[in-house]
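1. quick one, structure for this:
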Amino acid sequence: MSSLRTAVIGVGYLGNFHAQKYAALEGVELVGVVDASPDRAAEVAAACGCGSFTDYRDLIGKVDAVSVVVPTQYHYEVAREFLAAGVHVLIEKPITVTIEQADELIALADTNRLVFQVGHLERFNPVMMAAEEVLNEPLFVESVRIAPFKPRGTDVNVVLDLMIHDIEIIQHLVKSPVARIDAVGAPVFTGEEDIANARIAFENGCVANVTASRISLKSERKMRIFQRDAYLTLDFQNKKVLVAKKGAGELLPGVPNVQVTEQELGQSDPLLSEISSFVEAIRLGKQPQVSGRDGRMALETALKINQSLNRLQP
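-> Below is the predicted model:
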């Protein structure tokens with residue numbers, strides 16, 4: 001099998017890691033990296049043993065697949081060029097700025113029979129794989145995703161920066177349309193919301209309470225999920241899953257026997273898993289694990305949260 005020719009468009013903090021993963025994969029050739037900064041492009045290219053470019057259009061006709069890791073406002077423009085040229089695309093989240101842009105990219109990928117994957121990285125966390133073996137019908141979900149302030153990512157508010165990870169996971173698990181959203185948020189260090197909370201009610205009756213902050217003193221990525229026979233605590237950061245499940249019999253009259261198990265899943269490389277999955281989808285001609293439609297659905301809910309945000313003022 002011939003090598004899959006790849007490139008990374010945008011090699012800032014995250015794009016640099018994309019380039020490293022492609023360079024390490026067997027059967028994959030990293031043709032080049034692109035960045036608006038010639039020095040940055042040359043630095044990453046030298047480390048990965050590939051070509052250095054400042055204009056992504058120079059790679060059209062030379063690659064089979066790309067990662068698009070540019071700021072969100074450029075996602076649509078860059079991805080459209082490659083999809084129109086018959087190139088498979090892995091695009092970082094959020095998929096685009098608007099639903100209309102997302103729909104156009106999805107339609108273009110469908111027309112050209114291309115893999116169009118969205119980089120919702122937590123779907124490749126081993127915690128998700130372990131949880132899906134137990135989950136059946138979530139009734140209530142509570143998620144908290146907090147992180148210290150970092151200047152990167154502040155081209156969008158905290159809903160599109162951090163909360164969208166949990167939105168995508170929750171919608172993937174609940175599998176029901178959104179019925180109602182109530183949300184509050186506040187700008188603290190930037191001109192956009194840096195902390196937000198949303199209560200999402202789904203048509204099947206499930207309710208999710210989702211909190212995200214990028215102005216905390218620590219990092220935490222946790223989710224608790226309640227269903228009829230069990231509740232789960234998912235710790236995405238420390239790769240732990242706790243399951244408390246109703247067992248047979250009773251401890252005392254009227255008190256059910258509860259079985260608690262905890263798994264420590266060890267270290268993993270979700271980004272490598274994500275990119276390997278993208279490459280596999282291309283080679284096998286199958287749908288990616290996180291499709292353009294998945295990314296569109298998460299974006300639509302995130303934008304509805306933004307529309308319903310009641311901004312808290314000091």
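2. would you check that Val184 makes contact with Leu309?
-> Yes - the criterion here is C-beta atoms under 8 Å, and Val184 meets it with Leu309 at 6.7 Å. All C-beta atoms are positioned from the backbone trio N, CA, C, and that covers glycine.
3. shared neighbours, those two?
-> Ala196 (C-beta atoms under 8 Å, 6 or more residues apart in numbering).
4. what ranges do the helices span in this structure?
-> Assigned by DSSP state H, the helices in the chain fall at 13-24, 38-48, 75-84, 99-111, 126-132, 158, 164-174, 270-284, 292-308.
5. give the buried residues for the first one.
-> Under the neighbour-count criterion of 16 or more other C-beta atoms under 10 Å, helix 13-24 has Leu14, Gly15, Asn16, Phe17, His18, Ala19, Gln20, Lys21, Tyr22, Ala23 buried.
6. so that helix versus helix 38-48, what angle?
-> 30 degrees (axes from the mean of the first three to the mean of the last three C-alpha atoms, to 10 degrees).
7. contact partners of helix 13-24?
-> 6, 8-9, 11, 28, 30, 33, 35, 44, 47-50, 67, 69-70, 92, 152, 269, 271-272, 275-276.
8. so which of Val184 and Leu309 has more stuff around it?
-> Counted by other C-beta atoms under 10 Å, Val184 and Leu309 do not tie: Leu309 has more neighbours, with 20 against 15.
9. would you mind measuring from that one to Glu168?
-> Remark: distance between Leu309 and Glu168 (C-beta to C-beta, to the nearest Å) = 19 Å.
10. make a markdown table out of the helices of the chain and add distance to Gly205.
-> Conversion of the helices of the chain to a markdown table gives the following (distance: least, C-beta to C-beta, whole Å):
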| stretch | distance to Gly205 |
| --- | --- |
| helix 13-24 | 37 |
| helix 38-48 | 48 |
| helix 75-84 | 34 |
| helix 99-111 | 26 |
| helix 126-132 | 20 |
| helix 158 | 27 |
| helix 164-174 | 10 |
| helix 270-284 | 31 |
| helix 292-308 | 17 |
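11. deepest-packed of those helices, please.
-> helix 158 (a mean of 28; mean count of other C-beta atoms under 10 Å).
12. which strands and helices sit next to that helix?
-> Packing partners of helix 158 (3 or more C-beta pairs under 8 Å, 6 or more residues apart in numbering; DSSP states H and E): none among the helices and strands.
13. again, only using 10 Å
-> Helices and strands touching helix 158, by 3 or more C-beta pairs under 10 Å, 6 or more residues apart in numbering; DSSP states H and E, are strand 207-213.
14. next, the angle from the strand it packs on to helix 292-308.
-> Going by the same axes, to 10 degrees, strand 207-213 makes 80 degrees with helix 292-308.
15. partner strands of strand 207-213 and their direction?
-> strand 140-146 (parallel), strand 195-202 (antiparallel) (DSSP bridges).
16. let's see that strand as CSV, backbone CA atoms only.
-> Only the C-alpha atoms of strand 207-213 are listed here, as CSV (Å, rounded to 0.1, in the frame of the first residue of the first chain):
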residue,chain,number,x,y,z
VAL,A,207,-31.0,16.9,31.6
ALA,A,208,-27.4,18.0,31.5
ASN,A,209,-25.8,20.7,33.8
VAL,A,210,-22.6,21.8,32.1
THR,A,211,-19.9,24.1,33.6
ALA,A,212,-16.8,25.4,31.9
SER,A,213,-14.2,27.9,33.1
